[in-house]
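**Q** Mind folding the following:
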Amino acid sequence: MKKQKGFSLIELLIVVAIILIIAAIAIPNLLRSKIAANESSAVGSVRTIGTAEVTYQSSWGTGFAANLASLGGPPPCTVATAAQACLIDPLLSTGGFTKSGYAFNAAGTFPDVNNILNGFEVNATPNTYQTTGVRAFCDDQTGVIKFVGNGAAAIGVGQGACAAIATVPGVSGPVGN
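**A** Here you go, the predicted model:
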């Protein structure tokens, strides 16, 4: 009689069970890595927007930009104006203002008697809390990027919103460099 070659049903079930156990261990780490990457991208984008605000102020001499759309422009942005300064990626300045699972917003603040905006507020909020990010970020004319760990609500772009964030270790405060 010929001996049959192959795997028994028990052997196959054991292999499938091992694969499922490894996947159950790996998937949460993958999701945490994705959140960390999204948060790093958001901090970089907030820093870029803050730098663009300072460049806008020094280039146009009319204070900081009134909104996020004024810092960019639709592609290809070839002629810079005060309404479309071509300073940031069109992905951030046109459409829904979203990138890497975060929504961005910016506004000029501290208008003087000539309506020149002497400050700005920038924020980044995760689109889906615990999926795209767990922290919200902000920046203002001081250049200090801050975070709030609840991630559920936007920090806001009202005058002084970012400066009002208290430093509570692990919950809120400045982002480390």
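**Q** which intervals of this structure have sub-threshold pLDDT?
**A** Judged by pLDDT under 70, the chain has its weakly predicted residues at 1-2, 151-152, 177.
**Q** Need the residue closest to the centroid of it.
**A** Centroid-nearest residue in the chain, with C-alpha atoms, centre = their mean: Ala42, separated by 2.4 Å.
**Q** quick one: Ser8 and Ile21, what's the gap?
**A** Distance of Ser8 to Ile21, computed by C-beta to C-beta, to the nearest Å: 20 Å. C-beta coordinates here come from the backbone N, C-alpha and C atoms, glycine included.
**Q** sorry, back to before: and the residue nearest to the centre of the chain, which of the three is it?
**A** Of the three states, Ala42 takes helix under DSSP: H, G, I helix; E, B strand; the rest coil.
**Q** residue contacts, it?
**A** By C-beta atoms under 8 Å, 6 or more residues apart in numbering, the contact set of Ala42 is 99-102, 104, 124, 126, 133, 137.
**Q** Repeat that for Val175.
**A** Val175 neighbours (C-beta under 8 Å, 6+ apart): 43, 137, 145-147.
**Q** Return the subset of those lying in helices.
**A** Among the contacts of Val175, the members found in helices (DSSP state H) are Val43.
**Q** Need the contacts of Val175 in JSON lines (columns: neighbour count and distance to Pro75).
**A** Formatted as JSON lines, those follow (neighbours: other C-beta atoms under 10 Å; distance: C-beta to C-beta, whole Å):
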{"residue": "Val43", "neighbour count": "19", "distance to Pro75": "24"}
{"residue": "Phe137", "neighbour count": "26", "distance to Pro75": "25"}
{"residue": "Ile145", "neighbour count": "22", "distance to Pro75": "27"}
{"residue": "Lys146", "neighbour count": "25", "distance to Pro75": "31"}
{"residue": "Phe147", "neighbour count": "24", "distance to Pro75": "30"}
